[in-house]
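Undergrad: here is my input, please return the structure:
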Amino acid sequence: MTNFRKIAEDRIREAMDNGEFDSLRGKGKPLDLREYFQTPPHLRAAFDFLKNADILPREISLKKDIEVLEGKLRRARSEKKKTEYRRKINEMTVQLNIMLEKYHFNKDRL
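TA: A predicted model of the protein is given here:
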């Protein structure tokens, strides 16, 4: 084991003993990696970098907006609202698919 690795492991163990990891978001829950693997492989590193900087690419923002609307659709009572949500979801899904198709097309040309 290298000195650097030993120092890192000691600090991690010390932080665990001090309870510094006890309030982490998602503690005790399995990681949800679906979104990661649905992202085209050639964009994953860039998207991860942007996500860690709290900057969302339009595609990810659009995907999150679709998920929010899907939740609203499930909870909607009136047919008018359901129709409105379905229309918005369809529009956003078309936009997202066009963006992703453009990336796939450009990736194949490289």
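
Undergrad: look up how far Phe21 lies from the spatially most central residue of the chain.
TA: In the chain, the residue lying closest to the centroid (Cα atoms, centre = their mean) is Glu35, at 5.1 Å. Distance from Glu35 to Phe21, counting by Cβ to Cβ, to the nearest Å: 23 Å. The way it works is simple: take the backbone N, C-alpha and C, and place the C-beta from them, glycine included.

Undergrad: likewise Ile60?
TA: 26 Å.

Undergrad: between these two, which is the more surrounded one?
TA: Ile60 (17 against 11; other Cβ atoms under 10 Å).

Undergrad: element containing that one, please.
TA: helix 58-75 (DSSP states H and E).

Undergrad: other SSEs contacting the following helix or strand past that helix?
TA: Using DSSP H and E, the helix or strand that follows helix 58-75 in sequence is helix 79-109. Helices and strands touching helix 79-109, by 3 or more Cβ pairs under 8 Å, 6 or more residues apart in numbering; DSSP states H and E, are helix 58-75.

Undergrad: by contact count, what packs against the helix it packs on?
TA: Helix 58-75 packs on helix 79-109, going by 3+ Cβ pairs under 8 Å, 6+ apart.
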